[in-house]
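**Student:** Provided below for reference: sequence and predicted model.
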Amino acid sequence: MMSFMRRIYLDHVAATPVSDTALRAMTTAMEKFPGNPSAIHTEGREARGVLEKARAEIAGAISAHSDEIVFTSGATEANNMAIVGVVRSARANGVKHPHIIVSTIEHPSVLEVAHALEKEEVKVSYLPVNHFGVVSPRTLRTLITPETVLVSVMYANNEIGTIEPVIEIAKEIRHARKMNKTVYPYFHTDAVQAVNYCELNVQRLGVDLMTISSGKIYGPRGIGALFVKRGVLNEPIFYGGEQEESRRAGTESVALAVGFSVAFAEARKMSAQEFKRVKKLRDTLTEQILKKVPGVFINGDLENSLPNILNLSLEGVESEALLLYLDAVGVALSGKSACKSSDSSASHVIMALDKQNEENTGSIRFSLGRETKSADIVYVVKEFLRIVPFLRTMNKQSDTI
Ligand code: PMP
């Protein structure tokens, strides 16, 4: 007899399912608008109209102008475009030795770009975070030089959920611009994980460039966007056709843009209410685990964080083993291995937290989402309480062999 195991998906930071509304809108667009939006004929003009409507909707939702939204293939491309594009244009603009600042807990699509640019004679400073994973705008001030062309600090971290002080950082940057008497530094924020829950008005945030992505907000994967404020100098990183006002070559996907805009509007509409609902579930999960399982440490700061993320390290438990046992009982989550400097799968975010005194056995991340219910949390806690002591006993036994 076939048995269907219940699955509880708690990995929404990695990928969200596509919402029904976004999926329907996308299917319709794919069927009805086959034209290339750059073509002059009726089909092309119709496709262009739909693409521009999607762009205008996303722009409107963050208080930007339509011409400030450049569609990309996702967040990785948008982050690359923001950083490489600004450095290239700064060089073209006469900055001989461009300097950039990125935080130590950025996603690899920012950090690896910084590492690659270091090999091209770009000076990079790494802005540290405190015990909770938060950067200090005051420390940032000390790192800015007259050659600093870009500061990139993420809005909300994808591993521990910490929300960074974007508005304060923007203030520091405006101050630095006045002192430098140039247009630099610009401020870029990777807001990929913030879209579901946080303020996104670019005027209020004071950002110059902002990365957003569809695949983490219940839209289709394969599309994202970079907000580039009017006047910001940002050379393209792809060359080819004149799409996206010559800022990003390659035929746009009308259907993906439609799905993205519908998902974006939905996420923004739900954000305040979902924040409260998901936070309550996450807090119950945290309380239950902390009350009933000893030797558990929270990575990050639950007060100043996305409401859907709980990142934990556990004494005497290998994170991979725990993830596999949880998966076997129907619970999907992600994690990183123990922090040994030689181990490339260890978390650079957890290592960046100033936590020298705590043994690190790896980390696990619960990330809740729209379909997470309180019954799911009850089940996850029950399984967690069963598996963790079992793994600890196994660990002790293997130590004594
Ligand atoms: N930035 C952040 C904060 C992310 O969480 C992710 C994906 N986990 C990315 C960038 C990269 O997104 P993608 O792989 O979809 O390009």
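**Tutor:** Arrived safely.

**Student:** Distance of K276 relative to the ligand?
**Tutor:** K276 is 23 Å from the ligand, where distance means CB to the nearest ligand atom, to the nearest Å. Backbone N, C-alpha and C define where each C-beta goes, glycine included.

**Student:** Could you check what's spatially nearest to that residue, not counting adjacent residues?
**Tutor:** Nearest residue to K276, sequence neighbours excluded (CB to CB, 6 or more residues apart in numbering): P307, at 7.6 Å.

**Student:** hang on, isn't the one you found packed against A194?
**Tutor:** No. Taking CB atoms under 8 Å as the definition, P307 is not a contact partner of A194, at 11.4 Å.

**Student:** Among the two, which residue is more densely surrounded?
**Tutor:** Of the pair P307 and A194, A194 is the one with more neighbours under other CB atoms under 10 Å, namely 25 against 21.

**Student:** The more buried one against E164, yeah?
**Tutor:** No. If you go by CB under 8 Å, A194 and E164 don't touch, sitting 9.3 Å apart.

**Student:** so what sits against both of those two?
**Tutor:** Common contacts of A194 and E164 (CB atoms under 8 Å, 6 or more residues apart in numbering): 155-156.

**Student:** Do a quick rundown of the strands in the stretch 201-350 of the chain.
**Tutor:** For the stretch 201-350 of the chain, strands defined by DSSP state E, counting those that start in this stretch occupy the ranges 209-213, 224-228, 296-298, 309-314, 331-332, 334-336.

**Student:** Deepest in the core, which of those is it.
**Tutor:** Mean neighbour count (mean count of other CB atoms under 10 Å) peaks for strand 209-213 among the strands of the stretch 201-350 of the chain, with a mean of 29.

**Student:** Within its sheet, name the partner strands of it and how each one runs.
**Tutor:** Partner strands and pairing direction for strand 209-213 (DSSP bridges) are strand 186-190 (parallel), strand 224-228 (antiparallel).

**Student:** neighbouring contacts of the first one?
**Tutor:** To tie it back to what came earlier, the one meant is strand 186-190. 75, 79, 82-83, 86, 106-107, 109-110, 149-155, 164, 166, 169-170, 173, 205-211, 232.

**Student:** Keep only these that also lie close to the ligand.
**Tutor:** Among the contacts of strand 186-190, proximity to the ligand is found for 75, 107, 109, 154 (CB under 6 Å from any ligand atom).

**Student:** quick revisit: among the strands paired with strand 209-213, which comes closest to the ligand?
**Tutor:** strand 186-190 (4.7 Å; CB to the nearest ligand atom).

**Student:** quick one: the residue in the stretch 151-300 of the chain that the ligand sits nearest to from G316, how far?
**Tutor:** At 3.3 Å from the ligand, N158 is the closest residue in the stretch 151-300 of the chain, using CB to the nearest ligand atom. Distance of N158 to G316, given as CB to CB, to the nearest Å: 27 Å.

**Student:** Pick out whichever of the two has more residues nearby.
**Tutor:** Between N158 and G316, N158 has the larger neighbour count (other CB under 10 Å), namely 21 against 17.

**Student:** mind listing the helices for this structure?
**Tutor:** Shown for the chain, the helices assigned by DSSP state H span residues 20-32, 42-61, 75-92, 108-118, 137-143, 166-180, 202-205, 243-246, 254-292, 319-328, 348-352, 374-400.

**Student:** ranking the ones you listed by burial, who's on top?
**Tutor:** helix 75-92 (a mean of 23).

**Student:** Dump that one to CSV, restricted to CA.
**Tutor:** What follows is helix 75-92, C-alpha atoms only, in CSV (Å, rounded to 0.1, in the frame of the first residue of the first chain):
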residue,chain,number,x,y,z
ALA,A,75,19.1,38.6,-7.9
THR,A,76,22.6,37.3,-8.7
GLU,A,77,22.7,39.2,-12.0
ALA,A,78,21.2,42.4,-10.4
ASN,A,79,23.9,42.3,-7.7
ASN,A,80,26.6,41.8,-10.3
MET,A,81,25.2,44.6,-12.4
ALA,A,82,25.0,47.0,-9.5
ILE,A,83,28.6,46.5,-8.3
VAL,A,84,30.5,45.9,-11.5
GLY,A,85,28.4,48.5,-13.4
VAL,A,86,29.1,51.2,-10.8
VAL,A,87,32.8,50.4,-10.7
ARG,A,88,33.1,50.5,-14.5
SER,A,89,31.3,53.7,-14.8
ALA,A,90,33.3,55.3,-12.0
ARG,A,91,36.5,54.4,-13.8
ALA,A,92,35.1,55.8,-17.0
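
**Student:** What pLDDT does the model give the residue lying closest to F264 once chain neighbours are set aside?
**Tutor:** Spatial nearest neighbour of F264, excluding adjacent residues (CB to CB, 6+ apart): I58 at 5.3 Å. The model reports I58 with a pLDDT of 98.
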